[in-house]
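Novice: Give the three-dimensional model of this entry:
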Amino acid sequence: MTSPALLRAPAPATGLNSLGFAKAPADTRVVVAMSGGVDSSVVAAKLKQEGYDVIGVTLQLYDHGAALAKKGACCAGQDIHDARRVAERMGFPHYVLDYENKFRESVIDEFADAYLAGATPVPCIRCNERVKFRDLLETARDLDADCMATGHYIQRKQGPLRAELHMAADPARDQSYFLFSTTQEQLDFLRFPLGHLASKAETRALAAEYGLSVADKPDSQDICFVPNGDYAAVIEKLRPGAADPGEIVDMDGKVLGRHRGVIHYTIGQRRGLGIGGLGDPLYVLRLDPDRRQVVVGPKSALATTIVPITEVNWLGDGPFEGEIACLVRIRSTRPPRPAILRPLGQGRAEVELLDPEEGVSPGQACVFYAADSTRVLGGGWISLRRRPAA
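Specialist: Prediction:
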């Protein structure tokens with residue numbers, strides 16, 4: 001099997017293999033994190049075909065029974081079976097590790113608690129941070145691997161000082177928002193063989209070329225442990241009583257109606273409020289779980305210029321200090337926007353958006369990018385305090 005030239009990674013520096021090591025592929029052991037989807041399957045197959053010593057590892061993250069009832073979920077049920085079939089076809093060992101308890105403690109419980117606190121969490125980032133890029137990475141080291149590879153669409157480039165994280169070549173597939181918390185130590189060990197591809201079509205073409213059964217498998221949708229995208233149902237199950245009803249109030253505290261539980265609402269939401277006939281459209285501005293209130297107001301009240309950030313992970317070359325002109329992304333679906341980043345010490349920072357953004361939500365990530373390149377400089381978590389635009 002030989003991959004078409006247009007699908008190959010850029011040629012490495014002289015004397016290094018395609019993963020950046022000064023030795024033959026056969027002497028380079030790589031652990032591939034396999035979710036059972038087409039992306040990670042192609043990574044494993046491609047590296048095996050290139051002659052690397054490949055070991056596939058799949059994490060069982062939640063109950064099989066629940067997973068089997070939901071198509072398009074990763075890391076459970078059918079997906080484990082699919083990953084195993086790829087390993088059998090390509091001829092490399094494959095292991096399944098039971099991480100259900102750790103996944104619940106590190107990801108699912110925090111997801112529920114964050115929603116109850118009025119935030120809009122991003123559990124996929126926490127999964128990468130606390131499970132895949134921490135515990136699984138340590139397992140890869142225990143297996144004497146030289147590196148760990150994943151199917152994420154993001155690029156690792158060797159800069160003049162260190163390994164750098166960059167956006168994927170395909171903007172439509174870029175996953176840098178979900179990987180901002182990758183530390184420098186982790187980045188040194190990680191590899192992302194798909195980040196340079198121009199489109200997902202190239203990945204599927206490779207899967208077909210390798211004869212993989214997952215070549216036409218649909219991409220995973222939504223959050224893996226949330227059946228049918230029903231967040232509220234999951235939280236009610238995890239935290240009984242979480243859907244207690246309360247009041248919908250305006251910015252002055254005037255009661256406009258009743259709601260069926262703050263967990264059913266998100267910042268910026270317009271539809272489904274059940275308080276029509278009041279003239280101008282109203283949007284969710286804030287959630288107050290302690291008072292069981294949903295605060296609504298005009299769209300203009302959503303505009304924000306100052307965004308407080310916590311748990312900053314800095315991947316820039318210099319120290320995290322002074323004012324830093326950069327681009328920031330405050331939601332995975334929005335493009336990076338110009339901003340000024342101001343470090344405040346102890347993992348905190350303040351982001352000043354040069355143009356106001358609507359719907360800045362606590363619990364979402366704020367990811368920093370270089371103003372003049374595709375480099376990811378790090379990021380942090382949007383905290384509960386924010387300053388509206390003037």
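Novice: C-alpha from now on. contacts and neighbour counts both.
Specialist: Fine.
Novice: Quick check: what element follows the worst-scoring helix or strand of the chain on mean pLDDT along the chain?
Specialist: Lowest on mean pLDDT, DSSP states H and E among the helices and strands of the chain sits helix 64-68, with a mean of 43. Downstream of helix 64-68, the first helix or strand assigned by DSSP states H and E is helix 78-90.
Novice: roughly how far is that next one from the heart of the chain?
Specialist: Helix 78-90 sits 24 Å away from the centroid of its parent chain (Cα atoms, centre = their mean, to the nearest Å).
Novice: what packs against the helix or strand following it?
Specialist: Per DSSP H and E, the first helix or strand lying C-terminal to helix 78-90 is strand 94-98. Packing contacts for strand 94-98, counted by 3 or more Cα pairs under 8 Å, 6 or more residues apart in numbering; DSSP states H and E, involve strand 53-60, helix 78-90.
Novice: just checking, what packs against the longest one?
Specialist: Based on contacts counted as 3+ Cα pairs under 8 Å, 6+ apart, the elements that helix 78-90 packs against are helix 38-49, strand 53-60, strand 94-98.
Novice: As JSON lines, those with mean neighbour count, distance to R334 and mean pLDDT would be great.
Specialist: Shown next, in JSON lines, are the helices and strands packed on helix 78-90 (neighbours: other Cα atoms under 10 Å; distance: least, Cα to Cα, whole Å; pLDDT from 0 to 100):
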{"stretch": "helix 38-49", "mean neighbour count": "24", "distance to R334": "23", "mean pLDDT": "97"}
{"stretch": "strand 53-60", "mean neighbour count": "24", "distance to R334": "30", "mean pLDDT": "95"}
{"stretch": "strand 94-98", "mean neighbour count": "15", "distance to R334": "35", "mean pLDDT": "93"}
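Novice: Tell me which of these lies nearest to E352.
Specialist: E352 lies closest, by Cα to Cα, to one member of the helices and strands packed on helix 78-90: helix 38-49, at 36.1 Å.
Novice: List of residues touching that closest one?
Specialist: With contacts defined as Cα atoms under 8 Å, 6 or more residues apart in numbering, helix 38-49 is touched by 1, 32-35, 54, 56, 83, 86-87, 90, 92, 149-152, 193-194, 203-204, 206-207, 210, 212, 214-217, 219.
Novice: what ranges of the stretch 251-390 of the chain fall below the confidence cut-off?
Specialist: Per-residue confidence for the stretch 251-390 of the chain (pLDDT under 70) gives these ranges: 277-278, 384-390.
Novice: one more time with 90, if that's ok
Specialist: Filtered on pLDDT under 90, the stretch 251-390 of the chain yields the residue ranges 260-281, 286-292, 318, 331, 333-334, 358-362, 383-390.
Novice: Strands of that one, start to end?
Specialist: Assigned by DSSP state E, counting those that start in this stretch, the strands in the stretch 251-390 of the chain fall at 255-259, 283-288, 293-297, 303-314, 324-329, 337-345, 348-358, 365-369, 376-382, 387-388.
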